[in-house]
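**Q** no FASTA, just this:
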């Protein structure tokens, strides 16, 4: 009986190890603090006042930096002759400051002679309150251009532009550098931007039962959406981020609606109460809706129609058309003015976001993996489930850890089990060789006998 008890103890201990290894990881906390969630993989880097001192950015990387009042900062790119490079900057003003209509940043990419390859500005505009805003610049290969072509060193210049009456506090930056995939060999693409496209808003999608989605607090943890009517809540001063997969040949339409206030007899007019913006997969700005006014009654605002995603959109002079140049995740951000709290209180307001992705998906013009400039089946699944990129990464990491732990646990079972068999086998042999009449003489080996010899 002692041998059987020890054998069961060995197996029980191994099973306990597997049970511990299989415990699930902590769930991702949804709806946490409203502060901007920087990408945890972002590397801290300082911009240089002098271009020759600039730090080199690496494609596919995200960086954290900061910029002071009136400052101009340089960062460096080492580009190949065939590289289409995109560098974006998200401005995250620290709390307690003041911004005016013309406040914002300008970002540009320049060659060694300081010739500007492209530039874009991000402004707070009529919605004069603190919130994240983004802009990007790019160097594109163009066989018909004589400037900004060829391999070599290029500079990224980020300039803070502020009014005299604006706050002087430091602004944080989230900088991202991505390079566009090469076109498929033998493939041809038009070299002129389209002049016309469907501009009429499509029929709104029908509401579904399970349509609650809480927006994220940054591009990194933006909540994934697909076509549908989605309900949320937004607090005064809060910015919510969502992302929608838009494939080649597809158009995106979006409307944000605020519910009525329940504060009795409150009807104060708040101008610029709700801001709605759309950015492309490289965090390039596509467009804003005119800031919505609010007087305690239901109100809504919609983005102007944008063209279907097409490679040739990049040749348009209109930046809103040009930004619709590649497929991938398109980002919607909604901000409720902090001024709303003065008239209607600081409790969350009911928000409805209506999203429609229209059109049949077309083939990619790229060769190989498109990376962030494409829509995969996994992206569509995340949009269907409402999972954010951060949640997907956490889930993948947890699964890998679980598989690793399970592997360790299974290995422990084999090792402990074999050790137990060896122990029992030795005791069995000792028992078989005991003199006749001994206490253990003639006892059968447990569990069918010891393992066979190797």
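**A** Good, I have the coordinates. Remember, predicted model here, so these are calculated numbers, not experimental data. Numbering: from 1, shown residues only.
**Q** what sits against residue 348?
**A** Going by Cβ atoms under 8 Å, 6 or more residues apart in numbering, residue 348 touches 233, 234, 235. For glycine as for every other residue, the C-beta is placed from the backbone atoms N, C-alpha and C.
**Q** quick check: phi and psi at residue 286.
**A** Note on residue 286: backbone dihedrals following degrees, to the nearest 10 are phi -90, psi -50.
**Q** I figured it was touching residue 324, is that so?
**A** Yes: at 6.6 Å, residue 286 counts as touching residue 324 under the criterion of Cβ atoms under 8 Å.
**Q** of those two, which one has the most company?
**A** Neighbours were counted for residue 286 and for residue 324 using other Cβ atoms under 10 Å; residue 324 has more, 28 against 21.
**Q** do you know how far that one is from residue 77?
**A** Distance of residue 324 to residue 77, computed by Cβ to Cβ, to the nearest Å: 24 Å.
**Q** got it, and residue 66?
**A** For residue 66, the distance to residue 77 equals 20 Å [Cβ to Cβ].
**Q** nearest residue to residue 95 in space, please, no chain neighbours.
**A** residue 130 (6.7 Å; Cβ to Cβ, 6 or more residues apart in numbering).
**Q** residues in contact with that neighbour?
**A** Residue 130 neighbours (Cβ under 8 Å, 6+ apart): 93, 95, 97, 99, 237.
**Q** which one in those residues is the model shakiest on?
**A** pLDDT across those is lowest for residue 95, at 73.
**Q** shaky segments in the stretch 51-200 of the chain?
**A** Scanning the stretch 51-200 of the chain for pLDDT under 70 picks out 186-188.
**Q** can you give me the strands for it?
**A** Using DSSP state E, counting those that start in this stretch, the strands of the stretch 51-200 of the chain run over residues 61-67, 72-79, 85-93, 104-110, 116-123, 133-139, 152-161, 171-179.
**Q** using CSV, lay out these together with distance to residue 377.
**A** Below are those laid out as CSV (distance: least, Cβ to Cβ, whole Å):
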stretch, distance to residue 377
strand 61-67, 25
strand 72-79, 32
strand 85-93, 25
strand 104-110, 33
strand 116-123, 32
strand 133-139, 27
strand 152-161, 34
strand 171-179, 21
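**Q** and of those strands, who's closest to residue 273?
**A** The closest of these to residue 273 is strand 133-139. By Cβ to Cβ, the value is 17.3 Å.
**Q** ok, and what's touching that closest one?
**A** With Cβ under 8 Å, 6+ apart as the criterion, strand 133-139 contacts 77, 79, 83-91, 104-109, 117-124, 148, 154, 156, 219, 277, 279, 282-285.
**Q** can you rerun that using 7 Å?
**A** Residues outside strand 133-139 that contact it (Cβ atoms under 7 Å, 6 or more residues apart in numbering): 79, 84-91, 104-105, 107-109, 117-122, 124, 148, 154, 156, 279, 282-285.
**Q** residue 297 and residue 133, how far apart?
**A** 28 Å.
**Q** my error: substitute residue 349 in the last question.
**A** For residue 349 relative to residue 133 (Cβ to Cβ), the value is 22 Å.
**Q** and these two? Which one has more around it.
**A** Counted by other Cβ under 10 Å, residue 349 and residue 133 do not tie: residue 133 has more neighbours, with 28 against 24.
**Q** who does that one form a beta bridge with?
**A** residue 91 (DSSP bridges).
**Q** just the element for residue 320, please.
**A** helix 319-322 (DSSP states H and E).
**Q** neighbour count winner among residue 66 and residue 77?
**A** Remark: of residue 66 and residue 77, residue 77 carries more neighbours, 22 against 16, as counted by other Cβ under 10 Å.
**Q** nothing else from me, thank you.
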